[in-house]
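give me coordinates for this.
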Amino acid sequence: MVKDANQTTDPEVTETDTQTGTLGQIFDPIPPEMLFTVNAKPQVVVSVNNIQALCPIDKCNYEIQANTPTIESYTVTDSTMVLTLTTPEGATAYTQADLSVDLGPNQCDTISAQSTSEITCTFSATL
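You can find the predicted model right below:
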């Protein structure tokens, strides 16, 4: 036994070393949406059946193709939303079956394409 020169020799003084708490993880795991890397291309978050999928090695790049229509404006009135699009030259024609519109948690019930530059969407609930 090695004694410190400053250690007391009084037999009535005792020292107790205790640890409180549990050994193991101090914090909850960091959720995936809090982790990110800087990318030149935006990363897409994909979920299937409310389970978030993770992309291996930043392979969830989102790229807008040159011939994709762009939403220029939209208006919402009661349960109807009208989208105004700009369709570039040479864009692939789309059909009504190609369209899906969601506004927050609300999914569009009826979609009608008036032209290649305007889409009207009707929701079952007032927005």
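
distance of the spatially most central residue of the chain from residue 29?
In the chain, the centroid-proximal residue (Cα atoms, centre = their mean) is residue 45; its distance is 5.1 Å. According to Cβ to Cβ, to the nearest Å, residue 45 and residue 29 sit 18 Å apart. (C-beta placed from N, C-alpha, C; glycine too.)

retrieve the pLDDT associated with the residue nearest to the centre of the chain.
In this prediction, residue 45 carries a pLDDT score of 72.

isn't it up against residue 52?
Yes: using Cβ atoms under 8 Å, residue 45 makes contact with residue 52 at a distance of 6.6 Å.

end-to-end on stretch 75-94?
End-to-end distance of stretch 75-94 (Cα to Cα, to the nearest Å): 22 Å.

and if you look at stretch 113-120?
First-to-last residue span, stretch 113-120, Cα to Cα: 6 Å.

what's next to it, contact-wise?
69, 80-87, 91, 93-94, 96, 99, 101, 111-112 (Cβ atoms under 8 Å, 6 or more residues apart in numbering).

again with stretch 98-110
Contacts for stretch 98-110 (Cβ under 8 Å, 6+ apart): 76, 81, 83, 111, 113, 119, 121-125, 127.
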